[in-house]
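Participant: With the input below, show me the fold.
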Amino acid sequence: MNRVLFLAAILAAAPAAVMAADARRDAIIADYAVQAGKAAPGFAGFSARRGEALFRTRWAGGDERTPSCTACHTENPRAPGRNAKTGRPIDPVAVSVNPARFTDRDEVEKQFRRDCKSVLGRACTPLEKGDYLTFMREQ
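Facilitator: Model prediction:
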C-alpha cells in the first residue's frame, strides 16, 4: 500500500509537460520540425509563446465568424468550446485536459487544413503548426 501512495505522490508532483508526453504527438511535432527546418534553414525550434500568439490573434483573412482560434475554443484552451459556425460542442484543446488531443496524425492535419483556412484564410506553415502544438502541449 505504501508503494501505491508513493507512486501517487510522485505522479501528483510531476510537471504537466511530463504528464502530457505522448510518443504519437511527439512524432507529429518532430515531423513539423523537419518540415520547418527545410522551409527555414535557421529554424531553432518551436515556441509556445508564438503558438499562443497564433491561438489568440484576430486574423483578417479567414471567415468572419472565426477571426481567431478563440472564436470556437474560447480564451481558455482548457475549457470546452463551441463551433462558431454550427454550435457543435468542442472538447478542450489543452493536452492537460484532453490527453488524446493531437495524437492522430491524419486528424491533426485535417483540423489544421480546415481551421487554418477558416481562421487565417490560408494554410498554416509547419512552424505555425509546431508552435501551436507546443503551446497546447504546455496547457
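Participant: if I've got this straight, residue 130 is in a strand?
Facilitator: No: secondary structure of residue 130 (DSSP: H, G, I helix; E, B strand; the rest coil): helix, not part of a strand.
Participant: What's the separation between it and residue 62?
Facilitator: Separation of residue 130 from residue 62 (Cβ to Cβ, to the nearest Å): 20 Å. The C-beta positions use only the backbone N, C-alpha and C, and glycine is treated the same way.
Participant: Of these two, which one has the most company?
Facilitator: Neighbour tally, residue 130 and residue 62, criterion other Cβ atoms under 10 Å: the higher count belongs to residue 130, 26 against 18.
Participant: which residues touch the more buried one?
Facilitator: Contact analysis of residue 130 by Cβ atoms under 8 Å, 6 or more residues apart in numbering lists 29, 32, 33, 36, 46, 51.
Participant: show me what contacts the nearest residue to the last one once chain neighbours are set aside?
Facilitator: If I follow you right, that is residue 51. Spatial nearest neighbour of residue 51, chain neighbours left out: residue 135 (2.8 Å); criterion: Cβ to Cβ, 6 or more residues apart in numbering. Going by Cβ under 8 Å, 6+ apart, residue 135 touches 48, 49, 50, 51, 52, 54, 55, 77.
Participant: where does this protein dip in pLDDT?
Facilitator: Applying pLDDT under 70 to the chain flags residues 1-20.
Participant: picking that back up, what's the closest of the contacts of residue 135 to residue 94?
Facilitator: residue 77 (4.1 Å; Cβ to Cβ).
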